[in-house]
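A.B. asks: Predicted model, plus sequence, below.
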Amino acid sequence: MFPDANTGYTYEDCKATADWLLTQTGLSPLVGIVCGSGLGGLADLLKDQVVFNYKDIPNFPQSTVHGHAGRLVFGTLKGRACVCMQGRFHLYEGYPIQKITLPMRIFKLLGVETVLMTNAAGGLNQDFKVGDVMIIKDHLNMPGLAGNNPLSGPNDERFGVRFPCMSDAYDRELQQLALDVGQDLGYGDFLREGVYCVLGGPSFETIAECRMLSKLGADAVGMSTVHEVIVARHCGMRVLALSLITNQAVMDYDSEEKANHEEVLETGKQRAEQLERLISTMVARIEHNNNYV
Ligand SMILES: O=P(O)(O)O[C@H]1O[C@H](CO)[C@@H](O)[C@H]1O
């Protein structure tokens with residue numbers, strides 16, 4: 001099934017995919033995880049795994065980007081039932097925006113209440129260093145400001161309201177939990193907070209674009225996450241998103257630096273273990289019904 005360009009997937013399409021997955025796994029996860037570029041190792045920590053290749057899941061797109069394995073992994077992390085996307089989808093892969101975000105609605109129909117996302121991003125904030133982990137507190141949605149929003153088209157109230165609020169997109173209690181867990185693990189010196197800006201990609205930004213984004217209030221720039229956040233919030237899931245600063249955005253005409261995907265994946269490898277520990281410790285402390293322990 002391919003969605004009509006204007007309507008996206010119907011509720012029934014999403015339900016069919018969720019039911020297909022539930023029938024095969026028998027596991028109803030409360031936590032959903034989305035892994036960024038080079039950060040898919042987190043999925044390998046899940047115990048009692050049931051794994052689906054994206055190509056075998058009805059309606060699912062395929063991962064086409066190096067560093068995104070293309071597997072949906074069910075299992076338990078610290079005793080909590082989780083589902084983990086080992087690989088996400090991006091606008092620049094050529095998919096309609098409703099297809100990129102389809103997994104969020106499937107998460108919802110699987111029973112997920114909390115979504116934890118990671119991404120790789122370029123650092124715009126001059127105080128950030130490569131290897132820093134930024135807790136996203138807000139976003140700038142450049143494709144959205146230009147009219148490319150995953151909620152465009154008819155609205156199905158079974159998912160959410162026509163005009164969802166985004167001033168509370170990033171759950172404040174989850175942000176505090178990430179800070180607390182980060183402090184407990186001794187990660188305080190590389191944990192940051194800031195604003196993530198999404199662009200369409202796949203070309204990296206020019207120097208003038210980086211300077212503009214920084215002036216507009218962005219601390220980090222990437223090509224993902226925000227579309228997923230909008231759809232996840234629309235259907236009432238709580239969201240935490242973390243950016244690993246994999247490279248410094250080039251802001252200076254004298255710089256010899258050139259953004260490249262290999263550096264992004266390499267930084268991911270170096271920080272992966274700590275990011276995995278941060279998220280798995282958070283999962284252990286997330287209580288549903290809006291409590292944290
Ligand atoms: O956002 P994730 O999926 O981590 O990937 C980031 O890394 C890629 C560029 O190297 C882009 O896809 C960018 O969005």
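C.D. replies: Nice, thanks for sending it over. Residues are numbered from 1 along each chain as shown.
A.B. asks: nearest residue to residue 89 other than its sequence neighbours?
C.D. replies: Once flanking residues are discounted, residue 89 sits nearest to residue 100: 4.2 Å by CB to CB, 6 or more residues apart in numbering. Where C-beta positions appear, they are placed from N, C-alpha and C, glycine not excepted.
A.B. asks: Okay, that neighbour and the ligand: tell me how far apart.
C.D. replies: Counting by CB to the nearest ligand atom, to the nearest Å, the separation of residue 100 from the ligand is 11 Å.
A.B. asks: Let me know the distance separating the residue in the stretch 1-150 of the chain that the ligand sits nearest to from residue 121.
C.D. replies: Closest residue of the stretch 1-150 of the chain to the ligand, CB to the nearest ligand atom: residue 36 (2.8 Å). Using CB to CB, to the nearest Å, residue 36 is found at 8 Å from residue 121.
A.B. asks: neighbour count winner among those two?
C.D. replies: residue 121 (32 against 27; other CB atoms under 10 Å).
A.B. asks: I figured that one hits residue 244, correct?
C.D. replies: Yes. With contact defined as CB atoms under 8 Å, residue 121 counts as touching residue 244 (7.0 Å).
A.B. asks: Can you check which residues contact both of these two?
C.D. replies: Taking CB atoms under 8 Å, 6 or more residues apart in numbering as the criterion, residue 121 and residue 244 both touch residue 134.
A.B. asks: What parts of this structure come near the ligand?
C.D. replies: Proximity of the chain to the ligand, by CB under 6 Å from any ligand atom, involves residues 36-37, 65, 88, 90, 119-120, 201, 222-225, 261, 264.
A.B. asks: Now residue 12: phi and psi?
C.D. replies: In terms of degrees, to the nearest 10, the main-chain angles of residue 12 are phi -70, psi -40.
A.B. asks: how far away is it from residue 287?
C.D. replies: Distance from residue 12 to residue 287, by CB to CB: 33 Å.
A.B. asks: gap between the closest residue to residue 194 other than its chain neighbours and residue 88?
C.D. replies: Closest residue to residue 194 apart from its sequence neighbours, by CB to CB, 6+ apart: residue 219 at 3.0 Å. For residue 219, the distance to residue 88 (CB to CB) stands at 21 Å.
A.B. asks: Do a quick rundown of the helices in the stretch 101-250 of the chain.
C.D. replies: Remark: helices assigned in the stretch 101-250 of the chain by DSSP state H, counting those that start in this stretch are 102-110, 142-145, 172-184, 207-216, 226-234.
A.B. asks: Return the residues in contact with the residue most central in space within the chain.
C.D. replies: Centroid-nearest residue in the chain: residue 117, 3.6 Å away (criterion: CA atoms, centre = their mean). With contacts defined as CB under 8 Å, 6+ apart, residue 117 is in contact with 33-34, 36, 225, 228-229, 239-242.
A.B. asks: Considering those, which is situated nearest to residue 82?
C.D. replies: The closest of those to residue 82 turns out to be residue 33 (CB to CB; 6.0 Å).
A.B. asks: about what we covered before: tell me the residues that contact both of residue 36 and residue 121, please.
C.D. replies: 243-244.
A.B. asks: Tell me the buried residues in stretch 191-202?
C.D. replies: 191-192, 194-199, 201 (16 or more other CB atoms under 10 Å).
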